[in-house]
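Enquirer: Below is the structure, and that's it, no one-letter string:
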């Protein structure tokens, strides 16, 4: 059995507008000037408190994280901020879930509540054998999420792959000893993906599917 582990934000879900708006509300609530959009997106993938520690070194990271969570609670009820899947994401996830030689996992900076909200929207609860989130583990690039997924599913590192859009995903995968595929449609440029340890880069889900078939499932 092979294990395909997906990041969420920037990989499966185009959540940039949600993330930027929630961060903006968090900063504004504390009377702080929000960073530039590009800067806010650069920390996607980190756990929430760690992300704000990077954005505002020495600043009120815990308070900003609480403000972000409050904004999330409000915004998740607004249809304008629904989880928008990237083209091909749903079809790819569902096709992989039907394979007899594959299991699926999630390793994300989102909270459990955030992942469950996505699963509710997409009816994905039955598709993933392992769901590892930021409120259960240290922030990426610590390998804890992947190591937990390997243990939960009984998968050897060489039989697992992380698919993600950030340097943090690639570095996490490298630290855990699993294979690493970087997607170019997310929030980190290709140079950062390569620096983090990406072994392959793909430009769309069709290319990802071909790469998995040719270089992962055939091994």
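Expert: Nice, thanks for sending it over. This is a predicted model, so every value here is computed, not measured.
Enquirer: switch to C-alpha atoms for all contacts and neighbour counts from now on
Expert: OK.
Enquirer: Buried residues, whatever helix or strand residue 74 lives in. List them.
Expert: Secondary structure from DSSP states H and E places residue 74 in helix 61-75. Judged by neighbour count (16 or more other CA atoms under 10 Å), helix 61-75 contains these buried residues: 61, 63-65, 67-69, 71-72, 75.
Enquirer: Residues contacting the next helix or strand along the chain from it, please?
Expert: Counting by DSSP H and E, the next helix or strand C-terminal to helix 61-75 is helix 89-97. Residues from elsewhere that reach helix 89-97, judged by CA atoms under 8 Å, 6 or more residues apart in numbering: 12, 102-104, 127-128, 205, 209.
Enquirer: And the helix holding residue 74, what does it pack against?
Expert: helix 16-29, helix 48-55 (3 or more CA pairs under 8 Å, 6 or more residues apart in numbering; DSSP states H and E).
Enquirer: With respect to residue 123, which of the ones you listed lies nearest?
Expert: With CA to CA as the measure, helix 16-29 is the member of the helices and strands packed on helix 61-75 nearest residue 123 (20.7 Å).
Enquirer: If you average the pLDDT over that closest one, what comes out?
Expert: Across helix 16-29, the average pLDDT comes to 94.
Enquirer: Between helix 48-55 and that helix, find me the angle.
Expert: 70 degrees (axes from the mean of the first three to the mean of the last three CA atoms, to 10 degrees).
Enquirer: can you offset everything so residue one is 4?
Expert: Noted, 4 is the first residue going forward, which turns the last one into helix 19-32.
Enquirer: ok, then the element right after helix 19-32?
Expert: Counting by DSSP H and E, the next helix or strand C-terminal to helix 19-32 is helix 40-45.
Enquirer: residues of that next one that come out buried?
Expert: For helix 40-45, by 16+ other CA under 10 Å, it's 43-45.
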